[in-house]
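> Got a sequence here, can you build the structure:
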Amino acid sequence: MRKLIAGNWKMFGDKVSALSLATGIAKRAHGLKHDILVCPPFVYLSAVSDALHKSNVMLGGQDCAQTEQGAFTGDIAASQLKDMGCSYVILGHSERRQYHKESDALVKAKSEKALAQNLKVILCVGETEAQREAGQAEEVVKAQLLNAVTTETTIVNTVIAYEPVWAIGTGKTASLKDIEQMHVFIKETLASYGDFRILYGGSVKPENAKDILSLPFVDGALIGGASLKVESFISIAEAV
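Below you'll find the model as predicted:
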């Protein structure tokens with residue numbers, strides 16, 4: 001199975017840096033054996049889409065609304081992402097859950113809208129450090145998974161991203177054993193739905209990418225900080 005290497009640019013950069021990053025990745029991505037995806041800030045989707053034209057790099061959104069187009073100031077509809085050339089959308093990221101108080105039910109509603117527009121969903125799940133220390137990691141992840149999957153969720157249109165909250169942007173990385181165990185648990189939890197691609201996210205960088213991406217049941221990576229530089233992002237994609 002081809003791995004998915006996805007870059008989440010979050011709320012970083014400006015138009016000039018976004019264009020430079022997209023152009024650099026597009027040039028270097030030619031010939032890579034894995035699927036490559038970048039998810040820039042909404043305001044740069046059009047510019048990045050143009051920069052990726054005729055390349056093998058896919059475009060994604062960082063979130064979408066739980067409603068279709070209408071009087072919802074500040075929101076972005078799934079259909080609008082599709083119109084901008086997106087093929088994927090990230091949903092349920094821990095930063096959305098933390099700062100915007102997004103619930104599993106809201107993530108599910110957003111997923112329904114995304115899938116209706118033929119966008120592929122990257123469904124993010126993961127526990128906090130306190131939850132892991134309390135022995136609740138699997139319980140938390142299971143609830144996030146089962147409460148967010150929809151009747152339309154399939155292995156074709158949905159990818160799972162396991163991102164332990166305490167490892168995102170902190171420089172900390174879960175142990176290889178912990179990563180493998182959680183990915184196996186996710187596979188088992190969703191077995192009745194099919195064999196999902198599962199990405200790992202949480203301070204993935206060139207120095208640890210080979211070890212992480214070589215693990216069984218790790219089907220790619222959702223990369224934050226290291227996706228903001230062409231060299232580090234491509235180095236991760238070339239790691240295995």
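
> Need the residues that contact the worst-scoring helix or strand of the chain on mean pLDDT.
Lowest mean confidence among the helices and strands of the chain (mean pLDDT, DSSP states H and E): helix 129-133, at a mean of 93. Contact with helix 129-133 is made by 137, 140, 164-166, as judged by CB atoms under 8 Å, 6 or more residues apart in numbering. Placement of C-beta: from N, CA and C, glycine included.

> ok, M11 - how many residues close by?
M11 is surrounded by 9 other residues when neighbours are defined as other CB atoms under 10 Å.

> Need the mean per-residue confidence for the helix or strand following the least confident helix or strand of the chain.
Read in the C-terminal direction, the helix or strand following helix 129-133 is helix 137-148, with elements assigned using DSSP states H and E. On average, the pLDDT along helix 137-148 is 98.

> Next, the angle helix 137-148 makes with the next helix or strand after helix 137-148.
Counting by DSSP H and E, the next helix or strand C-terminal to helix 137-148 is strand 158-162. Interaxial angle of strand 158-162 relative to helix 137-148 (axes from the mean of the first three to the mean of the last three CA atoms, to 10 degrees): 150 degrees.

> Can you tell me what sits against the helix or strand following strand 158-162?
Remark: after strand 158-162, the chain's next helix or strand is helix 176-189, criterion DSSP H and E. Contacts made with helix 176-189 from outside it, assessed by CB under 8 Å, 6+ apart, are listed as 125, 137-138, 141-142, 145-146, 160, 162, 164, 174, 195-196, 198, 200, 211-212, 215-218.

> what's the spacing between the residue lying closest to C64 once chain neighbours are set aside and R28?
Closest residue in space to C64, ignoring its immediate chain neighbours: A78 at 4.4 Å, by CB to CB, 6 or more residues apart in numbering. A78 sits at a distance of 30 Å from R28 (criterion: CB to CB, to the nearest Å).

> More neighbours: these two, which one.
Set side by side, A78 and R28 give different neighbour counts by other CB under 10 Å, the larger being at A78 (29 against 19).

> Okay, now the unreliable bits of the protein?
Within the chain, no stretch has pLDDT under 70.

> now do 90
Scanning the chain for pLDDT under 90 picks out the ranges 1, 31, 166-174, 203.

> Show me the strands in it, by range?
If DSSP state E is used as the criterion, the strands of the chain fall at 4-8, 35-39, 57-61, 88-91, 120-125, 158-162, 198-200, 220-223.

> Now stretch 228-240 - C-alpha only, PDB.
The C-alpha trace of stretch 228-240 is given here as PDB (Å, rounded to 0.1, in the frame of the first residue of the first chain):
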ATOM      1  CA  LEU A 228       6.800  24.000   6.400                       C
ATOM      2  CA  LYS A 229      10.200  23.400   4.800                       C
ATOM      3  CA  VAL A 230      10.600  21.700   1.500                       C
ATOM      4  CA  GLU A 231      13.700  19.800   2.500                       C
ATOM      5  CA  SER A 232      12.400  18.300   5.700                       C
ATOM      6  CA  PHE A 233       9.000  17.400   4.200                       C
ATOM      7  CA  ILE A 234      10.500  15.700   1.200                       C
ATOM      8  CA  SER A 235      13.100  14.000   3.400                       C
ATOM      9  CA  ILE A 236      10.200  12.400   5.400                       C
ATOM     10  CA  ALA A 237       8.600  11.300   2.200                       C
ATOM     11  CA  GLU A 238      11.800   9.700   1.100                       C
ATOM     12  CA  ALA A 239      12.500   8.000   4.400                       C
ATOM     13  CA  VAL A 240      11.000   4.600   3.300                       C
END
